Each structure stands twice: as structure tokens, then as C-alpha cells.
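> dropping a prediction and its sequence here:
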Amino acid sequence: MMAHCDDAARTTQAAKHGLSADPLGGGRIEAYLQQGVVSIYGYSGAFGPAPHEISAALVRRWRPWCEVSVSYDGY
């Protein structure tokens, strides 16, 4: 698994044409799609917590049959 810092560095290096990339935070996603369960939780030690509600909204849009939970607990 790649660390958030590595992801951010690669994204920033790949940004072109005046685009910029700033990490909003981090966390974890556990997806059990066969069971219809997705858990979004935790935070990044380097960037703090991401706005998990945004991730949850995207999952609900593209996987409307899934039960999505959000928590800021856990690492």
C-alpha cells in the first residue's frame, strides 16, 4: 500500500498546465461490495483527517446499494 505522502508527491509532480494539487487529508476505506458495506474512517498521520463526507457522497452516488458509514476514529 502506498502512503498518502507518496500519493501527494506523485500527484503534485504530475500536475501540469497550471493545475495544483493539495492533499485535503487522509483515512482508510474498507469496501465489502458483495455484502454492500463500505466504511470510511480514520486520518492521515501526515495530513490529518480528510473530509470523509465527500468520499461517502461519491461512494453513495456510484454504489447506491451500499450502506456507507463514516467515522473519524482510528488511524
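Nice, thanks for sending it over.
> just the strands in the chain please.
Taking DSSP state E as the criterion, the chain carries its strands at 28-32, 37-41, 67-70.
> need the winner for burial among those strands.
Counting by mean count of other CB atoms under 10 Å, strand 37-41 has the highest mean neighbour count of the strands of the chain, with a mean of 18. Bear in mind the C-beta positions are built from the backbone N, C-alpha and C, glycine included.
> packing partners for that one?
strand 28-32, helix 52-62, strand 67-70 (3 or more CB pairs under 8 Å, 6 or more residues apart in numbering; DSSP states H and E).
> now render those as JSON lines, adding mean pLDDT and distance to residue 39.
Formatted as JSON lines, these follow (pLDDT from 0 to 100; distance: least, CB to CB, whole Å):
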{"stretch": "strand 28-32", "mean pLDDT": "95", "distance to residue 39": "5"}
{"stretch": "helix 52-62", "mean pLDDT": "97", "distance to residue 39": "10"}
{"stretch": "strand 67-70", "mean pLDDT": "98", "distance to residue 39": "5"}
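> is it possible to get JSON lines of those that adds distance to residue 44?
Formatted as JSON lines, the helices and strands packed on strand 37-41 follow (distance: least, CB to CB, whole Å):
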{"stretch": "strand 28-32", "distance to residue 44": "9"}
{"stretch": "helix 52-62", "distance to residue 44": "12"}
{"stretch": "strand 67-70", "distance to residue 44": "16"}
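> for these, which one sits closest to residue 18?
helix 52-62 (23.4 Å; CB to CB).
> and the closest one, what does it pack against?
Applying 3+ CB pairs under 8 Å, 6+ apart, one finds that helix 52-62 contacts strand 28-32, strand 37-41, strand 67-70.
> what about 6 Å?
If you count contacts as 3 or more CB pairs under 6 Å, 6 or more residues apart in numbering; DSSP states H and E, helix 52-62 packs onto strand 37-41, strand 67-70.
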